[in-house]
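Trainee: Sequence plus predicted model, see below.
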Amino acid sequence: MGKKRKGQIVTISGSFICLALILRYAGLFLTFADGMMIVAAIIAGYPILKNALQALRFRILGIETLVSVAVIGAMFIEEYWEAAAVTFLFTLGSYLEARTLEKTRSSLKSLFDLAPKKATIIRDGVETEVSPDEVIQGEIVLVRPGEKIPVDGTILKGSASVNQAAITGESIPVSKRKDESVFSGTVIEVGYLEVVAEKVGEDTTFSRILEMVEEAQENKAPTQKFLERFAAYYTPAIIVLSILVYLVTKDLVLSLTLLVISCPGALVISAPVSIVAGIGNGARKGILIKGGDHLEKASKVDVVAFDKTGTLTVGKPEVTRIKSYHMQENELLKLTARAEIGSEHHLGRAVIEEAKKRFSDSLVMADEFSVYMGQGVRALVDGRELWIGNRKLLMENGINIPNDVEMDLQQEENNGQTAILVADSQGVQGVISIADVLREDAYELVSQLKKTGIKKIVMLTGDNQRTAAAVAGRLGIDDYYAELLPENKVLVLKGMQQSGYVVAMVGDGINDTPALATADIGIAMGGTGTDVAMETADIVLMSDRLDKLPYVLGLSRATVGNMMQNIYFAVIVVTVLLIGVLFKTVFLASGMLVHELSVLLVILNAIRLMKYKGIVLSVRGKMKATSVEC
Amino acid sequence: MMKNVSFQLEELTCPSCVKKIETMVKGLKGVLEVKVLFNSSKVKVSYNETVIQDQEIGKNISALGYEVLGQK
């Protein structure tokens, strides 16, 4: 039955009930008043009965069946007022529930509305408009100002400022030009783009986010699962109890009332509404929470571990100083850059970038190249064997580090620089210092996290002790672990878990995948487009902003708090009603009223979560204080 | 041939509806898998095309009392 129909039924049967009540209190046309009640009961009761019969055809007993039985019973014993009131309240209740539930789900719906509806492409040399799903990979898509980019792809021509709010939750536009990637669902504010379609339809980042959010909502929190198990036993138990009550008291009305009133409606809905509102709130801010269980786990986090490079730092290291002992500074740089050409390591890339800046001619690749994980590289450049990396690399390959070089190294590292050694068969040739700028919002991060209730903040890094200490000191981080290989990070996390901490790991997702998977909660930052991060992490912060982290931890606490309020409230209501029915102080109509009201209150409480804006003081205290406002 | 279809229903309000729809659709001949998404009010069904048609599944859901608003 549609929402509109329900609304009409409520109005019509409600008016009949009002008229009948007026007549009754006026003491006029009493049989006529009864007749009106019967009409009201039939108008509101017919759809309920129809639903009950439809379900019965498939041998399913639902709440409609119970209500129908109770109403027919009430009519039978000439309790017309009860019959009319119950059917009216039941319909009104489900009408209002649908309207309010829609609200808890609206933030997700608005996300779905951001999906692009059309694409302009060049097909057979002609400009054609098609649905975004019909674009073929490799086709060229034209996007004009104010239009949504309909595919994921690379810019072929043009430049534009693009609002990426659909993906990152950030509404400040970013500028995009040739060869850069753009995402489906983002909007061109100014400019014009021709984009080569790479991912289309269901494969775009935006579609995958929607799909994940949709799945995430259904992914149940442990508390929710417990409630459902409870309901599975509770309902049959009530049926048995009602039969027993009837056998003992021979009171049909009492046992029917019991059957209808003790339906655990508010209880069953208490957890899912809070979780949907919480996930929806996050989704609107560019935070992808992969489900109720992760949300519940995140609310218990007391240690947050960070990866340094790319997470606390901008992730674009630059060469800050070149110290050459025997040759020209530029010559050393050129040699090192040539040796690093095959390297994917961010430090290697920094050296190559610097070389590109200084020399116009292209770099010739090394003849031989091999990587020593966590140490550096060995390369053969013009027949000269080069070792480039940290102390460990040199020591393990029998190259001595003289005292003056060691002094230089330490001095650089104490300044928070990462220093790499360059050596050949003659010994150490130079030291190249590389530094990565700390993110601006990293400075406030620690205090914000502490406000959220996090006990300890640690940093895990592959970088050396001194650099790590310098960064940790500058940011006020409690603890740091340096010179870690990816597998060491896993061990450190496991150690903390064994000492009883619930640990969240924050990383940029690619090299941190094992650590993200090990932590109780893996949080990936800047998830735009990196598939591994989106798949492995439990929570994805689509934008690159660190302040989303305290936000999401606060949100998870608020959501779980809200869910617990709902559960306690629902349990109390059901218990009170049950006792009331058994002691004959609560009757069918009044019981139904309280029951429907409790369901509505639970939903309204969850709606408050959608307005959650971040931690001001202590979230827990604040939520408790305002929990009675609706 | 296995096919997938997803029905958008009117707002689902009670988690018990989920069970109801799931049980019913699962009972249809030719239906291989059913997933009812409570929060997005969607039913995702994979079915055997040679045994049952998507319209028939939709009709059955409507008959159970849940209006089908659209399908994909």
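Mentor: Great, that's in hand. Residues are numbered from 1 along each chain as shown, chains lettered A, B, ... in the order given.
Trainee: A:Leu604 and A:Asn281, how far apart?
Mentor: Noted for A:Leu604: a distance of 16 Å to A:Asn281, by Cβ to Cβ, to the nearest Å. Bear in mind the C-beta positions are built from the backbone N, C-alpha and C, glycine included.
Trainee: Helix or strand next in line after the lowest-mean-pLDDT helix or strand in chain B, which one?
Mentor: Least confident helix or strand of chain B, by mean pLDDT, DSSP states H and E, is helix B:15-27 with a mean of 82. Heading C-terminal from helix B:15-27, the first helix or strand you meet, by DSSP states H and E, is strand B:31-37.
Trainee: which residues touch residue 71?
Mentor: With no chain named, the answer covers chain A. Each residue near A:Val71 by Cβ atoms under 8 Å, 6 or more residues apart in numbering or on different chains is listed here: A:Ala41, A:Gly45, A:Ile48, A:Leu49, A:Ala83, A:Val86, A:Thr87.
Trainee: let's do chain B instead
Mentor: Counted by Cβ under 8 Å, 6+ apart, B:Gln71 has contacts B:Val5, B:Ser6, B:Phe7, B:Gln8, B:Asp54, B:Gly58.
Trainee: Is there proximity between the strand or helix carrying B:Gly58 and chain A?
Mentor: For B:Gly58, the host element (DSSP H and E) is helix B:54-63. Yes. Applying Cβ under 8 Å from any Cβ of the partner chain, one finds helix B:54-63 touching chain A at B:Ala63.
Trainee: Tell me the residues on chain B that lie near chain A, please.
Mentor: Within chain B, the positions adjacent to chain A are B:10-11, B:13-17, B:19-20, B:23-24, B:27, B:35, B:37-40, B:42, B:63-65, B:67 by Cβ under 8 Å from any Cβ.
Trainee: Quick one: buried ones out of these?
Mentor: For the residues of chain B next to chain A, a neighbour count by 16 or more other Cβ atoms under 10 Å in any protein chain shown gives the buried set as B:10-11, B:13-17, B:19-20, B:23-24, B:37-40, B:42, B:64-65.
Trainee: which intervals of the chain have sub-threshold pLDDT?
Mentor: Just so you know, I chose chain A. By pLDDT under 70, the low-scoring segments of chain A are A:1-2, A:62, A:107, A:171, A:509-511, A:527-534, A:615-630.
Trainee: that's the wrong chain, I meant chain B
Mentor: Applying pLDDT under 70 to chain B flags the ranges B:15.
Trainee: So for it, the centremost residue is which one?
Mentor: The residue lying closest to the centre of chain B (Cα atoms, centre = their mean) is B:Val43, at 4.4 Å.
Trainee: Spell out which parts of chain A neighbour chain B.
Mentor: A:1-3, A:50-51, A:54-55, A:58, A:60, A:62-63, A:94, A:97-98, A:101-102, A:105, A:108, A:214, A:217-218, A:228, A:265, A:268-269, A:272, A:276.
Trainee: Now with 6 Å, please.
Mentor: Neighbours of chain B within chain A, by Cβ under 6 Å from any Cβ of the partner chain: A:2, A:51, A:54-55, A:58, A:60, A:62, A:94, A:97-98, A:101-102, A:105, A:214, A:217-218, A:268, A:276.
Trainee: Buried subset of those, written for ChimeraX?
Mentor: Listed next is the ChimeraX selection for buried residues among these, using 16+ other Cβ under 10 Å:
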select /A:51,54,55,58,60,62,94,97,98,101,105,214,217,218,268,276
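Trainee: Thought A:Ser242 was touching A:Leu259, still the case?
Mentor: Yes. Under the criterion of Cβ atoms under 6 Å, A:Leu259 makes contact with A:Ser242 at 4.6 Å.
Trainee: Show me which of these two is the more surrounded one.
Mentor: Set A:Leu259 next to A:Ser242 and count neighbours by other Cβ atoms under 10 Å in any protein chain shown: A:Leu259 wins out with 26 against 20.
Trainee: For the more buried one, I want the exact helix or strand it lies within.
Mentor: Per DSSP H and E, A:Leu259 falls inside helix A:252-261.
Trainee: Just give me how far that helix sits from the chain centre.
Mentor: 43 Å (Cα atoms, centre = their mean, to the nearest Å).
Trainee: List the buried residues of that helix.
Mentor: By 16+ other Cβ under 10 Å, the buried positions in helix A:252-261 come out as A:Val253, A:Leu254, A:Ser255, A:Leu256, A:Thr257, A:Leu258, A:Leu259, A:Val260, A:Ile261.
Trainee: Kindly report the same for stretch A:505-516.
Mentor: Buried-residue list, stretch A:505-516, by 16+ other Cβ under 10 Å: A:Met505, A:Val506, A:Gly507, A:Asp508, A:Gly509, A:Asn511, A:Asp512, A:Thr513, A:Pro514, A:Ala515, A:Leu516.
Trainee: Take those and write them to JSON lines, including secondary structure.
Mentor: Listed next are those as JSON lines, based on DSSP: H, G, I helix; E, B strand; the rest coil:
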{"residue": "A:Met505", "secondary structure": "strand"}
{"residue": "A:Val506", "secondary structure": "strand"}
{"residue": "A:Gly507", "secondary structure": "strand"}
{"residue": "A:Asp508", "secondary structure": "coil"}
{"residue": "A:Gly509", "secondary structure": "coil"}
{"residue": "A:Asn511", "secondary structure": "coil"}
{"residue": "A:Asp512", "secondary structure": "coil"}
{"residue": "A:Thr513", "secondary structure": "helix"}
{"residue": "A:Pro514", "secondary structure": "helix"}
{"residue": "A:Ala515", "secondary structure": "helix"}
{"residue": "A:Leu516", "secondary structure": "helix"}
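Trainee: Looking at those residues, which is nearest A:Lys451?
Mentor: A:Val506 (16.9 Å; Cβ to Cβ).
Trainee: Contacts only, for the closest one.
Mentor: For A:Val506, the contact set (Cβ atoms under 6 Å, 6 or more residues apart in numbering or on different chains) comprises A:Phe306, A:Thr311, A:Ile523.
Trainee: other SSEs contacting the strand or helix carrying the last one?
Mentor: This points to A:Ile523. Under the criterion of DSSP H and E, A:Ile523 resides in strand A:521-525. When contacts are defined as 3 or more Cβ pairs under 6 Å, 6 or more residues apart in numbering or on different chains; DSSP states H and E, strand A:521-525 sits against strand A:503-507, strand A:539-541.
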